[in-house]
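K.L.:
Build me a model from this:
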Amino acid sequence: MENLLETKEESILTQDQIQNAVMIIQALHKRKDSFQILFPELSAEKQNALHFISEGKSYREAALLIKRNHTIITQWSKNDPKFKKALDEVKMEIQKSIRLKEMLSQAVNEMKTSTSQNNEDLRTQVI
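P.N.:
A predicted model of the protein is given here:
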């Protein structure tokens with residue numbers, strides 16, 4: 001039983017971890033506005049496509065938004081090593097953002113559970 005409690009306690013995120021996750025998410029959102037700085041070697045069209053992909057658009061949706069054929073993103077990633085590298089970076093940032101949001105959600109749920117348990121403990125002590 002003691003091992004289960006230790007494992008549960010280890011999985012609870014601290015306030016510092018939550019604050020760090022929030023700061024990282026905010027930084028990721030600011031970073032979306034700086035594609036020109038991050039990928040100056042790419043055309044504006046390719047930067048726009050990367051921006052739309054970073055916002056969660058599919059390759060097809062991003063291509064349509066830049067008024068190109070739906071296969072253009074795949075073609076660029078196959079034929080332009082700089083674009084492929086930038087696309088890989090964007091996809092990695094998306095995955096990081098997803099993981100951080102999951103961690104933040106878990107932390108909020110754990111805090112609610114912990115607060116509820118503490119309130120229940122206080123009620124029990126008062127009675």
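K.L.:
Residue 69 reaches residue 59, doesn't it?
P.N.:
No - Residue 69 is not in contact with residue 59 according to C-beta atoms under 8 Å; the separation is 10.9 Å. (C-beta placed from N, C-alpha, C; glycine too.)
K.L.:
between those two, which one's more packed in?
P.N.:
With other C-beta atoms under 10 Å as the criterion, residue 69 and residue 59 differ in neighbour count, and residue 59 comes out ahead with 18 against 11.
K.L.:
Would you check that that one makes contact with residue 70?
P.N.:
Yes - in this structure residue 59 lies within contact range of residue 70 using C-beta under 8 Å: 7.4 Å.
K.L.:
tell me which helix or strand of the protein sits lowest on mean pLDDT?
P.N.:
When the helices and strands of the chain are scored by mean pLDDT, DSSP states H and E, helix 2-11 comes last with a mean of 49.
K.L.:
Low-confidence ranges, this structure, go.
P.N.:
Of all residues in the chain, those with pLDDT under 70 make up the ranges 1-13, 24-37, 115-127.
K.L.:
From the contact counts, what lies against the helix ranked longest in it?
P.N.:
Longest helix in the chain, counting residues (DSSP state H): helix 81-126. Using 3 or more C-beta pairs under 8 Å, 6 or more residues apart in numbering; DSSP states H and E, the elements in contact with helix 81-126 are helix 15-31, helix 44-54, helix 72-79.
K.L.:
ranking those helices by burial, who's on top?
P.N.:
Of all those, helix 44-54 carries the top mean neighbour count, a mean of 19, counting by mean count of other C-beta atoms under 10 Å.
K.L.:
Report the spatially closest residue to residue 62, excluding sequence-adjacent ones.
P.N.:
residue 52 (3.8 Å; C-beta to C-beta, 6 or more residues apart in numbering).
K.L.:
For residue 43, grab phi and psi.
P.N.:
phi -70, psi 160 (degrees, to the nearest 10).
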